[in-house]
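Engineer: Let me see the structure of the following:
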Amino acid sequence: MKAVSFVLFFVGQLAHIRTISSVFIVILAGIFSGAPSHAGKVTELSVPIGSSDASSYPLDDNVWSVQAPPFPFNVNIGIGQLLNSTNNDGFALHDHVYIATNVPDPARAVVTYAFDTAVIVDQVEILQWVDGITQIQGFAGNSLASFISLGSILGPSGDVTGEGVFPAGESQVFDFNNSGISGTYFQFVVLKTSRADGWASYRAFPRGDDGMRFEVATIPEPSSYLNRPGI
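Structural biologist: You can find the predicted model right below:
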């Protein structure tokens, strides 16, 4: 009986080891295989220096770009707050420089995201201020010099004008219906706002066609280790 018990115990241990090995193989496969486009993480976020002229995180912190490395990507300072999903207080964008009624200066009202791999950005989710954004234009490409326009789109409220037209903090999705134009960079320009001479936004999250927000980079991608000397 003791011999039988030992054999059964040994077989059980082998099965346990095989299970662990299988899990480890699956993890390795996930690390070394090509990741889907929506697996990309935001590694850099920027707006033009001085592009907010009133109280906002970039102006108050004097931080107009954030990047990773260093990791994790810092969503708690300056323009990084534009991607902070746990803090919805305080403006990340806030300006009053216009070239026409309801048309902000496009050289200032522009946001650029960089990703660790090529992604397809289909939507931008904007958390609106009462005087918010009504129309944007999107661009994608693998460099700032190779942008392809995704078109200009109105938000769900349409070409609405006036003061205080949005509930503060309302989430609105601007959908480009983009299914094929990818890039390691995504940029949007604010073309129109509801108020004639001022606008603000709490947050702006790029999203895939599945409606999921792209996350920020918290650790280096495993593939980056493969490119290190000696590996």
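Engineer: drop to CA atoms for contacts and neighbour counts, all remaining ones
Structural biologist: OK.
Engineer: Break down this structure into its strands, ranges please.
Structural biologist: 42-46, 65-67, 93-95, 98-100, 103-104, 110-119, 123-128, 133-141, 148-154, 171-175, 183-193, 199-207 (DSSP state E).
Engineer: Can you lay out those as a markdown table showing distance to D53, mean pLDDT and mean neighbour count?
Structural biologist: Shown next, in a markdown table, are the strands of the chain (distance: least, Cα to Cα, whole Å; pLDDT from 0 to 100; neighbours: other Cα atoms under 10 Å):
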| stretch | distance to D53 | mean pLDDT | mean neighbour count |
| --- | --- | --- | --- |
| strand 42-46 | 16 | 98 | 23 |
| strand 65-67 | 16 | 98 | 20 |
| strand 93-95 | 5 | 99 | 25 |
| strand 98-100 | 12 | 98 | 13 |
| strand 103-104 | 12 | 98 | 22 |
| strand 110-119 | 14 | 98 | 22 |
| strand 123-128 | 18 | 98 | 22 |
| strand 133-141 | 17 | 98 | 24 |
| strand 148-154 | 25 | 98 | 17 |
| strand 171-175 | 24 | 98 | 20 |
| strand 183-193 | 16 | 98 | 24 |
| strand 199-207 | 11 | 98 | 24 |
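Engineer: quick one, phi/psi of S194?
Structural biologist: The phi/psi pair for S194 (degrees, to the nearest 10) reads phi -70, psi -40.
Engineer: re earlier: need the strands of the chain in CSV with distance to E221, can you?
Structural biologist: Below are the strands of the chain laid out as CSV (distance: least, Cα to Cα, whole Å):
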stretch, distance to E221
strand 42-46, 11
strand 65-67, 14
strand 93-95, 29
strand 98-100, 40
strand 103-104, 37
strand 110-119, 8
strand 123-128, 24
strand 133-141, 21
strand 148-154, 26
strand 171-175, 28
strand 183-193, 14
strand 199-207, 20
